[in-house]
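Student: sequence unavailable; structure follows:
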């Protein structure tokens, strides 16, 4: 019963957050503007100087853009919670007869929906610039599913940080410093084997690399002319991605709930 109550309360909080997007559409507009800019920048400015064996760079690029987009989309969870803490909205929730976990469940769920909308927009953008899906519809849906699962798991990490810092400004700066390295020291925009030795090892074990390659393979955006990976996460990117999802959830769901209890007790 408690689980059902928490889910029901979480659905109410998620609806509240989605209504906010409807009332302030700028949230959705600006969350898609940056990824679209990256697509155009890499496809038309840098694409001509980046060679991928056996395929067009734009098809190589899109999976990396998808991975980067959902990571940045997951940061909305942390900034939203930090803003709610600052404005006293969490205190209002605390006075209501609702499950404590509902705030976090609702926040992460609504941001998952937002990420799904953004991915649809990004897929349309990719098709416009020349990206194509060369796999079956089920495999393409599986690619989207892995991206969203990873985004959901990552949003719990962002929730923990957002509750930890309790300031939207501090959170935005902190998340920017963290997310940029993990999205660029990866196979998102270039092949990881082209990176310097030290960075290459980091990229090969970077969870973003596994998610990107999983999406790339499931969308059919790979070529037999590319150098086969020699590390387990990139040899089995789908399994590695699902493993990272489980790891993130096991670590950050308890941490986020613990930090939420501490935050509301102050």
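Tutor: Noted; the coordinates are in hand. This is a predicted model, so every value here is computed, not measured.

Student: quick one: low-confidence ranges for the stretch 1-150 of the chain?
Tutor: In the prediction, the stretch 1-150 of the chain carries residues with pLDDT under 70 at positions 1-10, 12, 17, 20-21, 24, 28, 47-48, 89, 91, 93-99.

Student: show me where the stretch 51-200 of the chain has its strands.
Tutor: Along the stretch 51-200 of the chain, no stretch is classed among the strands by DSSP state E, counting those that start in this stretch.

Student: quick one: the helices in it, in order.
Tutor: 57-87, 89-94, 102-129, 137-165, 168-184, 197-204 (DSSP state H, counting those that start in this stretch).

Student: make TSV out of these and add distance to residue 15.
Tutor: Glycine gets a C-beta too; all of them are placed from N, C-alpha and C. Formatted as TSV, the helices of the stretch 51-200 of the chain follow (distance: least, Cβ to Cβ, whole Å):
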stretch	distance to residue 15
helix 57-87	14
helix 89-94	14
helix 102-129	8
helix 137-165	17
helix 168-184	22
helix 197-204	39
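
Student: between the ones you listed, which one is nearest to residue 18?
Tutor: helix 102-129 (5.1 Å; Cβ to Cβ).

Student: check which helices and strands that closest one is in contact with.
Tutor: Using 3 or more Cβ pairs under 8 Å, 6 or more residues apart in numbering; DSSP states H and E as the contact definition, the elements that helix 102-129 packs against are helix 2-23, helix 26-40, helix 57-87, helix 89-94, helix 137-165, helix 237-265.

Student: can you do 7 Å?
Tutor: With contacts taken as 3 or more Cβ pairs under 7 Å, 6 or more residues apart in numbering; DSSP states H and E, helix 102-129 sits against helix 2-23, helix 26-40, helix 57-87, helix 137-165, helix 237-265.

Student: sorry, back to before: to residue 226, which of the helices of the stretch 51-200 of the chain lies closest?
Tutor: In this view, the helices of the stretch 51-200 of the chain are compared for proximity to residue 226 by Cβ to Cβ, and helix 57-87 is the closest at 8.9 Å.

Student: quick revisit: same list (the helices of the stretch 51-200 of the chain) but as JSON lines, adding mean neighbour count.
Tutor: Listed next are those as JSON lines, based on neighbours: other Cβ atoms under 10 Å:
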{"stretch": "helix 57-87", "mean neighbour count": "24"}
{"stretch": "helix 89-94", "mean neighbour count": "14"}
{"stretch": "helix 102-129", "mean neighbour count": "20"}
{"stretch": "helix 137-165", "mean neighbour count": "22"}
{"stretch": "helix 168-184", "mean neighbour count": "16"}
{"stretch": "helix 197-204", "mean neighbour count": "15"}
